[in-house]
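Undergrad: Next comes the sequence, and after it the predicted model I'd like to discuss.
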Amino acid sequence: MMIMTTWQGVITIIMAMLGTMLTRFLPFLLFAKGMDPKVIGSFALAFTVGCFAGKMACGRLVGIFGSRKVFITSKLLMSALLAVLVTAQGLPVIIVTSILLGIVTKGTVPVLQTLLVEPVTDPQAYDDLFAVNTFARGSTNILTPLLFGFIASAFSAEYIYVLMAIVSVFAVAPVLFGRPMRA
């Protein structure tokens, strides 16, 4: 019995890298832009509002377009929004971008879960699938801050967001080109 297909594993690791690191390194990016430390909480709030809105919006969109199309579109939008976040200087643009990033980042968690369970036919395999998924996400959540911290120290926080934009584009490859295998 195959517990997790290769494309499911790749998506799990990439999404763990993107999902949690976005907010952890946001203060450093905003400090580099010369933002007042008093307003940084506004961005976290905007991102959180986007997360809640995204879960509702993505759920509706999955019903209309399917999980694959919603996932691909959201990750490509995420890449573009990360580029906007790196280049933007104005406070309103950064807040709107934070809301939209919340929608396409954490809002797609239910979409990712749907993609993970899509190929599973044996009800007993769900526990194994989610156990491996949780382990892969947890390991990535431990290692990614080390990598991103090194990048931020050696270069700047902006490089982290550029890297996340590039990785976000690569996140769609397994969904586009991978064929779901039955577990």
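TA: Great, that's in hand. Numbering: from 1, shown residues only.

Undergrad: shaky segments in the chain?
TA: 1-21, 178-183 (pLDDT under 70).

Undergrad: Enumerate every residue touching Val84.
TA: Residues in contact with Val84 (Cβ atoms under 8 Å, 6 or more residues apart in numbering) are Val93, Thr97. To be clear about C-beta, it is placed using only N, CA and C from the backbone, and glycine gets the same treatment.

Undergrad: and if we set it to 6 Å?
TA: Val84 makes contact with Thr97, according to Cβ atoms under 6 Å, 6 or more residues apart in numbering.

Undergrad: Would you mind measuring from it to Ile95?
TA: Remark: distance between Val84 and Ile95 (Cβ to Cβ, to the nearest Å) = 12 Å.

Undergrad: what about Pro92, neighbour count?
TA: Pro92 has 8 neighbouring residues, counting by other Cβ atoms under 10 Å.

Undergrad: report the longest helix in this structure, please.
TA: Longest helix of the chain, by residue count under DSSP state H: helix 125-154.

Undergrad: The next helix or strand after that helix packs against which elements?
TA: Per DSSP states H and E, helix 125-154 leads on to helix 157-177 as the next helix or strand towards the C-terminus. When contacts are defined as 3 or more Cβ pairs under 6 Å, 6 or more residues apart in numbering; DSSP states H and E, helix 157-177 packs onto helix 6-24, helix 26-32, helix 67-87, helix 125-154.

Undergrad: one more time with 10 Å, if that's ok
TA: Contacts defined by 3 or more Cβ pairs under 10 Å, 6 or more residues apart in numbering; DSSP states H and E place helix 157-177 against helix 6-24, helix 26-32, helix 67-87, helix 91-105, helix 109-117, helix 125-154.

Undergrad: sorry, back to before: buried sites along the longest helix of the chain?
TA: Neighbour counts over helix 125-154 (16 or more other Cβ atoms under 10 Å) mark 125, 128-130, 132-133, 136-137, 140, 144, 148, 151-152 as buried.

Undergrad: Since that was my last question, I'll sign off now.
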